[in-house]
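In: Return a 3D structure for these sequence lines:
(chains A and B)
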Amino acid sequence: MRPYQRQIAERIAEIVDPGDLDLSSLFSVPPDSTLGDLAFPCFQLARTLKEAPPRIAERIAEAAWEFPWLAEVVAAGPYVNFLYDSGAFSRDVLARVIAAGEAFGTSDVGEGKTVVVEFSSPNIAKHLAVHHLRSTMLGQVMVNLLRASGYSVVALNHLGDWGTNFGKLLAAWERYGEEEGLEDSLIETSDDPVALFNKLYVRINSEIETDPQLEETARAWFRKLEAGDPVARERWQRIRDVSWARFEKVYKRLGVSFDEVIGESFYEDKMPEIIDELAKTGLLVESEGAEVVALEEEIPPLLIRKRDGSTLYGTRDLASAEYRWGRWQFSRALYVVDAGQGLHFRQVFGVLRRLGRSYADRLEHTEFGIMRMNVDGQWIKGRTRKGQIVLLEDVLDDATALAREVVLRKNPDLGDSIEEIAEAVGVGAVVFSDMKARRGRDVNFDLEKFLSFEGETGPYLQYTHVRFCGILRKSEIDSSDHGDGSLLVEAEEKALLLCLDRFDTVIARAALEAEPSILSQYLLDLAGEFNAYYAKHRIISDDGDLTRHRLSLIDALRVVLSRGLRILCLEPLERM
RNA sequence: GGCCCUGUAGCUCAGUGGAUAGAGCACUAGCCUCCGGAGCUAGGUGUCGUACGUUCGAAUCGUACCAGGGUCACCA
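Out: Purely as a prediction, here's the structure:
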């Protein structure tokens, strides 16, 4: 809690006896800034004190308040409103921001704790598509938020590199690889080897429909892969390598990186152990020829082994949870996976709970809404098979091209840096539009909206940052000569300082709730407040003292916006 | 049908049980002698899906219902 609020809560506790009521959780913000900066509603106290709220409010307001930073304490009906002294408040907030510098907003609540965040997790032999954007960016931003809160974080990519479909791919490779241009020696040097794999996959799927025999060939190839057959293994490894190389290019553009890339294949030899345990404890039961673990009444059992004895991805998720716990002893483990898998995770977590795993309650499915594609005017859930897949790279390219056009029009003399700026603005627009709404909401993939640069958008935030930089540059006053803020008494300045004051709690809440939009909304708020202020007041004026104090505010705003943008994987620019 | 999620302005969405529910987009009218107009200001709309309940107080919590979406065993 912020210092002012804590001190006020303590003082109230001296004036009236709160019993076991936690006063600090009761504060709110007055609906109108002219009423005050902090409000204390007396309803809860009325219950314990058996006294009317307005009377309590009066008693509190009339008591002695001797904090130098407090200008006014007034009772307003059942509320007590506190008005900070503008000069003192400004000085205190700015001093905290300047002292912390780029570290402002960070905390140590997570110190000594580890959080594992599984996100992105694309399938190899395919391209990253727009629908991967959500898991990828939400996950990376959660990682950034948690790190800002002092947690040690493991950013984990649970690569989809295993399954019977690779049997199909290997069968296709053997059958018509050469004829499709997949000459062995050329794979690594090909422009787009992943596209070749895609073609093979599509082709064998359509051929399987007319020739069911081929299905058996594919299964045979997968068995070879499982058994460690050198040819199968080598080809699979190459598919994995070229796919990863391709992913990394996109990840780099998005500011995404991983500490660990552990594919599903990794858990192949780790499943028997947990299956044995399930069998020994009697949880594993036979059902319709398959082996399952029953769960509570309202959710269906988790399928552990198919009729043919092979495992499923649920089995792999059990093994991966065991592995992660053993290796990291996490205090939280997040699965950044779409909401369509809600049942699956409830089943997996449920099985671990039935096994008595202490860590089961630390697993969180931080789900997000699906991305819908517009097909003939209808918003539908994207399907890879129908070929309407939109490549993530293409979206980023479109965004960058459009950004380049706009930047060039608005600011033609940026020289060589135009390419970098266009990339930052374009990608920023796409990323931010995905971070803006609560993660649980479904999003319609509307390219026009993704590429919008006006209103509540990424470029708007970047533009605001550019303004900060422009002012600081133009003033030619060194930051060591900035004022302490005690001259900042305008209402708009108070609003901005209250905004700055909130930053650390915003980060903390966003990390706790694994909800990037809390930060996005906050930054929009900050930028909006600033732009209104900027239109109304001059920062650099003839009044040298006032100028120096206002520059101090601008510098603090720049620090916070820059840090917030970085956490959201947007680049804070100096010019655009 | 069971379970999960979502219903707030024409559209997209904010809204930690507290005072008169807010932004952006779209539409209209303004604002560059002056820190970057990707901006700002002013215009107006709401049975907060419906009903009942809990509470001093409900968009927020509970129950039921309505509507939309997701999901329900041998894919991941």
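In: In the stretch 451-576 of chain A, what residue comes closest to RNA strand B?
Out: Relative to RNA strand B, the nearest point of the stretch 451-576 of chain A is residue A:455 (2.5 Å; Cβ to the nearest atom of the strand). In short, each C-beta sits where N, CA and C put it, glycine included.
In: In three-state terms, label that residue for me.
Out: At residue A:455, secondary structure determined by DSSP: H, G, I helix; E, B strand; the rest coil is coil.
In: I'd assumed residue A:550 was in contact with residue A:497.
Out: No. If you go by Cβ atoms under 8 Å, residue A:497 and residue A:550 don't touch, sitting 11.8 Å apart.
In: low-scoring pLDDT stretches of the stretch 351-500 of chain A, where are they?
Out: Where the stretch 351-500 of chain A drops to pLDDT under 70, the residues are A:376-378, A:382-388.
In: if we go to 80?
Out: Along the stretch 351-500 of chain A, the parts satisfying pLDDT under 80 run over A:373-389.
In: quick one: the helices in it?
Out: Secondary structure of the stretch 351-500 of chain A (DSSP state H, counting those that start in this stretch): helices located at A:392-410, A:418-435, A:447-450, A:458-475, A:491-513.
In: in the helix or strand that contains residue A:273, what counts as buried?
Out: According to DSSP states H and E, residue A:273 maps onto helix A:271-280. Residues A:271, A:274, A:275, A:278 are the ones in helix A:271-280 that count as buried (16 or more other Cβ atoms under 10 Å).
In: do the same with stretch A:284-298
Out: In stretch A:284-298, counting by 16+ other Cβ under 10 Å, buried: A:284, A:290, A:291, A:292, A:293, A:294, A:295.
In: now, which of these lie within strands?
Out: Among the buried residues of stretch A:284-298, the ones falling in strands (DSSP state E) are A:284, A:290, A:291, A:292, A:293.
In: Now the helices of the stretch 351-500 of chain A in CSV, please, with extra columns for mean neighbour count.
Out: Formatted as CSV, the helices of the stretch 351-500 of chain A follow (neighbours: other Cβ atoms under 10 Å):
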stretch, mean neighbour count
helix A:392-410, 17
helix A:418-435, 23
helix A:447-450, 14
helix A:458-475, 20
helix A:491-513, 20
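In: still on that earlier bit, ok, the helix holding residue A:273 near RNA strand B or not?
Out: No. Using Cβ under 7 Å from any atom of the strand, helix A:271-280 never reaches RNA strand B; the gap is at least 11.7 Å.
In: Please export the C-alpha coordinates of that helix as PDB.
Out: Below are the C-alpha coordinates for helix A:271-280, written out as PDB (Å, rounded to 0.1, in the frame of the first residue of the first chain):
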ATOM      1  CA  MET A 271       4.900 -41.200 -18.900                       C
ATOM      2  CA  PRO A 272       5.200 -44.800 -17.800                       C
ATOM      3  CA  GLU A 273       6.100 -43.800 -14.300                       C
ATOM      4  CA  ILE A 274       3.000 -41.800 -13.700                       C
ATOM      5  CA  ILE A 275       0.800 -44.400 -15.500                       C
ATOM      6  CA  ASP A 276       2.200 -47.000 -13.100                       C
ATOM      7  CA  GLU A 277       1.400 -44.900 -10.100                       C
ATOM      8  CA  LEU A 278      -2.200 -44.400 -11.400                       C
ATOM      9  CA  ALA A 279      -2.500 -48.200 -11.800                       C
ATOM     10  CA  LYS A 280      -1.000 -49.000  -8.400                       C
END
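In: And the strands in the stretch 1-150 of chain A, which stretches?
Out: For the stretch 1-150 of chain A, applying DSSP state E, counting those that start in this stretch gives strands covering A:38-41, A:70-76, A:79-84, A:114-118.
In: between the ones you listed, which one is nearest to residue A:25?
Out: Shortest distance between residue A:25 and the strands of the stretch 1-150 of chain A, using Cβ to Cβ, is found for strand A:38-41: 11.2 Å.
In: what mean pLDDT does the closest one have?
Out: For strand A:38-41, mean pLDDT is 95.
In: for stretch A:91-111, same thing?
Out: 93.
In: Show residues contacting that stretch.
Out: Stretch A:91-111 has contacts (Cβ atoms under 8 Å, 6 or more residues apart in numbering) with A:3, A:69, A:146, A:148-152, A:484-486, A:497, A:500-501, A:503-504, A:506-508, A:511, A:552-553, A:555-556, A:559-560, A:562-564.
In: Could you do stretch A:179-199 as well?
Out: A:125-127, A:169, A:173, A:177, A:200, A:203, A:238-239, A:241-243, A:246.
In: Widest-spaced pair of those residues?
Out: Taking Cβ to Cβ, the two most distant members of the contacts of stretch A:179-199 are A:203 and A:241; they sit 22.4 Å apart.
In: returning to what we had before: out of the ones in strands among the buried residues of stretch A:284-298, the closest to residue A:14 would be?
Out: residue A:293 (57.1 Å).
In: With adjacent residues omitted, what lies nearest to residue A:204?
Out: Among residues not flanking residue A:204 along the chain, residue A:172 sits closest, at 3.9 Å (Cβ to Cβ, 6 or more residues apart in numbering).
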